[in-house]
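Undergrad: Sharing a model that was predicted from the sequence below.
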Amino acid sequence: MSLLVDIRKTYGAFTLNVRFETEDNAPAVLGLLGASGCGKSLTLKCIAGVETPDEGRIVLDGVTLFDSHKKIDLPPQKRQVGYLFQNYALFPNMTVRQNILCGLCRETDKARREQEVRRVLALLQLEGLEHRRPHQLSGGQQQRVALARILVNRPRLLLLDEPFSALDSHLRDKLQMELRGLLADFGHDVLLVTHSRDEAYHLCRRVAVLERGRLLAVKATKALFADPGSVAAATLTGCKNIAPAHKTGEYEVEVPDWGIRLQTAQPVGDGVKAVGIRAHYFNTKTAQNRYPVAYLGEMEEPFEWIVEFRYEGQRPGTPPIWWRIPKDRRPQTFPPALGAAPVNVLLLYE
Amino acid sequence: MDWYPLWNSLRIAAISCVLVFFAGIAAAYYAARLPRTVKGVLDVVLTLPMVLPPTVCGYFLLLVFGTKRPLGIWLAQFGVRFVMNWYGGVLAAAVVAFPLMYRTARGAFESFDENLAYAGQTLGLSNTFIFWRIRMPACRQGILAGTVLAFARALGEYGATSMFIGYTPGKTATISTTVYQLWRTNDEAGAFRWVLVNLAISAVVLLIVNLLEDRQKAGRKAVRR
């Protein structure tokens, strides 16, 4: 019960080159995290069979879907891969019911079809909307219809392409909560493409980071957030403060842009390229990595303050540093120096 | 009054419209899939009849199907002679009307959201089903517009028709060639009668189109309630 993807495809100057496997012990959600244009959707399209890789291999549950050497390229119709598109791709000329019936095109028994339609309508709380057309539904309802249409088709793999990007932000968290439950009952692997670290964190057991067509890391979600390992992964997981750095000691790096040296908890590798400090991890009390700062400005959020500052020795022209503090922890007066625990200094290698 | 030109014009327009409907859609569908350079060249060739004077189209038709040309001689063995026959008019009208169908259908296909087709494929729907039940309905507006334009153009065809099948009363006469012929022979009243007939047909065609569009809108509204 697993998916193996090992493909290459070139489009002009862009080359997609990805290789990953899902764990074969238990079905799970694997996130593909990347900035727009990094090849996330193209990867999904290749797996679904609507795009053809130049070379490589795709194997799902022991069935070869694509193999450039053996000249195997199953048509999308025979792959049993469910694909939830960013815009849901509901057929606009059909009702909800007709859309769902399209997912049952392989089922020949009429009574079974009827039973299946009723099952997913109930499962996705779509009762009463059977005869609506897609444009008469809210974004959340459209997403549920698209999922219903896919689930009746009984796919062996589910591909979700930025499923929440077309929704209002207040709906997003609610639907993510609903989708979590649905995916837990799905019983097969799921690939979730996203550029949102929150979605990845909410829904994925493991996350693969893609940058310009290349796969940087595949890690357990929490491990990735704790130690992104690359500039792209740090940026995508929401690290705001990143600067070039080089090794100066076993547990020390120099950051010329910030004019400081930082102690680290992990031993520094020779190839270190940059460091990152998340905006939440500056500290008024820590004595370690404590350097004088000059405050530039602040911005209020509902539950936090965002404070901009520069280190005293910071190189001119480099971007200011962000510090986020929960409102209840905001000091009366900002201290003249800020520290950061060595464990919170992220070492970035690519 | 001899109604033959009306009947002849309608059958020429109707048959050529059906031919152009399928040929235009097929050309538009496959052209959209071709590499850009090939598409560019093909596009010019397929659109040429729209910008050329119709008489030039008639000239080319004579060049290919003329009774002394290889293809014309070959076809004559089977008793098919397009020149100076009413079904030659179908050919002339089709050639001139084709680019209108092709271009509007192509525009409609290009604005089609390809994800709909992909979604259909991953659900296991056949490509034929996707084409007729998803792509065509989604492109309905453009295709309908192209069909109407093609029909109207075919009905009004004069230049290529007069070159290719001439004007023989009761045999190849169409409304447009009749209007010219009657005017030329100083039968102003006769020409005027045919002008009225032509106006009436055009008005009816446009009315039908509007009704079709209204019904679509009303259908959508009824579901909304």
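TA: Cool, the structure landed.

Undergrad: how far away is residue A:93 from residue A:99?
TA: Separation of residue A:93 from residue A:99 (CB to CB, to the nearest Å) stands at 10 Å. C-beta coordinates here come from the backbone N, C-alpha and C atoms, glycine included.

Undergrad: and what of residue B:209?
TA: For residue B:209 relative to residue A:99 (CB to CB), the value is 29 Å.

Undergrad: Tell me which of those two has more neighbours.
TA: When residue B:209 and residue A:99 are compared for neighbours, residue A:99 comes out ahead with 25 against 17, by other CB atoms under 10 Å in any protein chain shown.

Undergrad: Please give me every residue in contact with the more buried one.
TA: By CB atoms under 8 Å, 6 or more residues apart in numbering or on different chains, the contact list for residue A:99 reads A:90-91, A:134, A:145, A:149.

Undergrad: again, but for residue B:139
TA: The contact partners of residue B:139, by CB under 8 Å, 6+ apart, come to B:105, B:108-109, B:111-112.

Undergrad: contacting residues around the lengthiest helix in chain A?
TA: Among the segments of chain A that qualify as a helix by DSSP state H, the longest is helix A:169-184. Contact with helix A:169-184 is made by A:29, A:123-124, A:139-140, A:143, A:147, A:158, A:163-164, A:167, A:190, A:199, A:202-203, as judged by CB under 8 Å, 6+ apart.

Undergrad: Next: stretch A:257-269.
TA: So stretch A:257-269 is in contact with A:227, A:243-245, A:247-255, A:275, A:288-289, A:291, A:311-315, A:318, A:321, A:340-343, A:345, A:347, A:349, going by CB under 8 Å, 6+ apart.

Undergrad: for the chain, what spans make up the helices?
TA: Defaulting to chain A. Assignment of helices within chain A using DSSP H yields the ranges A:40-48, A:96-102, A:110-123, A:139-151, A:169-184, A:197-203, A:221-226, A:231-236.

Undergrad: wrong chain, I was asking about chain B
TA: Applying DSSP H to chain B gives helices spanning B:4-31, B:36-51, B:54-65, B:70-76, B:86-110, B:114-122, B:127-129, B:136-138, B:140-156, B:159-164, B:175-184, B:188-224.

Undergrad: Take the ones you listed and write them to CSV, including distance to chain A and mean pLDDT.
TA: Listed next are these as CSV, based on distance: least, CB to the nearest CB, whole Å; pLDDT from 0 to 100:
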stretch, distance to chain A, mean pLDDT
helix B:4-31, 17, 94
helix B:36-51, 12, 91
helix B:54-65, 37, 94
helix B:70-76, 40, 91
helix B:86-110, 14, 93
helix B:114-122, 4, 96
helix B:127-129, 8, 94
helix B:136-138, 4, 92
helix B:140-156, 8, 89
helix B:159-164, 37, 94
helix B:175-184, 37, 93
helix B:188-224, 6, 78
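
Undergrad: Could you double-check that residue B:46 sits in contact with residue B:98?
TA: Yes. With contact taken as CB atoms under 8 Å, residue B:46 and residue B:98 are classed as touching, separated by 7.2 Å.

Undergrad: So those two - more neighbours on which side?
TA: With neighbours defined as other CB under 10 Å, residue B:46 and residue B:98 compare such that residue B:98 has more, 23 against 19.

Undergrad: thinking that one is in contact with residue B:147, fair?
TA: No. Under the contact definition of CB under 8 Å, residue B:98 does not touch residue B:147, with a separation of 12.0 Å.

Undergrad: Which stretches in the stretch 251-350 of chain A count as strands?
TA: When secondary structure is read from DSSP state E, counting those that start in this stretch, the stretch 251-350 of chain A shows strands at A:252-255, A:260-263, A:274-277, A:282-283, A:291-300, A:304-311, A:321-326, A:337-340, A:346-348.

Undergrad: Okay, now the sheet partners of the first one, with direction.
TA: Sheet neighbours of strand A:252-255, with direction, are listed as strand A:246-249 (antiparallel), strand A:260-263 (antiparallel) (DSSP bridges).

Undergrad: swap in the fourth one?
TA: In the sheet containing strand A:282-283, its partner strands are strand A:337-340 (antiparallel), by DSSP bridges.

Undergrad: Check which residues of the partner strand are buried.
TA: Buried residues in strand A:337-340, counted by 16 or more other CB atoms under 10 Å in any protein chain shown: A:338-340.

Undergrad: Flag every residue of chain A that's near chain B.
TA: Taking CB under 8 Å from any CB of the partner chain, the part of chain A that reaches chain B is made up of A:45, A:48-50, A:75-79, A:81-83, A:85-87, A:89, A:91-93, A:95, A:102-103, A:105-106, A:131-133, A:136, A:146, A:149-150, A:153, A:155.

Undergrad: Pull out the buried members of the residues you listed.
TA: Neighbour counting with 16+ other CB under 10 Å marks A:45, A:48-50, A:76-77, A:79, A:81-83, A:85, A:87, A:89, A:91, A:93, A:95, A:102-103, A:105, A:132-133, A:136, A:146, A:149-150, A:153, A:155 as buried within the residues of chain A next to chain B.

Undergrad: With distance to residue B:33 added, can I get the strands paired with strand A:252-255 in CSV?
TA: Compiled in CSV, those are given as follows (distance: least, CB to CB, whole Å):
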stretch, distance to residue B:33
strand A:246-249, 52
strand A:260-263, 56
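
Undergrad: Can you redo those as JSON lines, where the extra columns are distance to residue A:299 and mean neighbour count?
TA: Compiled in JSON lines, those are given as follows (distance: least, CB to CB, whole Å; neighbours: other CB atoms under 10 Å in any protein chain shown):
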{"stretch": "strand A:246-249", "distance to residue A:299": "32", "mean neighbour count": "14"}
{"stretch": "strand A:260-263", "distance to residue A:299": "24", "mean neighbour count": "19"}
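
Undergrad: As CSV, the ones you listed with mean pLDDT would be great.
TA: Conversion of those to CSV gives the following (pLDDT from 0 to 100):
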stretch, mean pLDDT
strand A:246-249, 94
strand A:260-263, 95
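
Undergrad: Can you say which of the ones you listed is nearest to residue B:62?
TA: Across the strands paired with strand A:252-255, residue B:62 has its closest neighbour in strand A:246-249 (81.1 Å, CB to CB).

Undergrad: Might you name the residue of the stretch 151-300 of chain A sitting closest to chain B?
TA: When scored by CB to the nearest CB, the stretch 151-300 of chain A has residue A:153 as its residue closest to chain B, at 5.4 Å.

Undergrad: Can you report phi and psi for that residue?
TA: Backbone dihedrals for residue A:153, given as degrees, to the nearest 10, come out at phi -80, psi -10.

Undergrad: Would you check how far apart the closest residue to it other than its chain neighbours and residue A:120 are?
TA: The shortest distance from residue A:153 to any non-neighbouring residue, by CB to CB, 6 or more residues apart in numbering or on different chains, is to residue A:103 (4.0 Å). Here residue A:103 is placed at a distance of 8 Å from residue A:120 (CB to CB).

Undergrad: hey, what's in contact with both of those two?
TA: The overlap between the contact sets of residue A:103 and residue A:120 (CB under 8 Å, 6+ apart) consists of A:148, A:151-152.

Undergrad: Out of those residues, which is nearest to residue A:233?
TA: If you rank the shared contacts of residue A:103 and residue A:120 by distance to residue A:233 using CB to CB, residue A:151 comes first, at 32.0 Å.

Undergrad: tell me the contacts of the closest one?
TA: Under the criterion of CB under 8 Å, 6+ apart, the contact list for residue A:151 reads A:82, A:103, A:120, A:123-124, A:186.

Undergrad: repeat that with 7 Å
TA: Remark: with contacts taken as CB atoms under 7 Å, 6 or more residues apart in numbering or on different chains, residue A:151 is in contact with residue A:120.

Undergrad: Need the buried ones from the contacts of stretch A:257-269 selected in PyMOL.
TA: The buried residues among the contacts of stretch A:257-269 can be selected in PyMOL (16+ other CB under 10 Å) with this line:
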select buried, chain A and resi 227+243+244+245+247+253+254+255+275+289+291+311+314+318+321+340+342+345+347
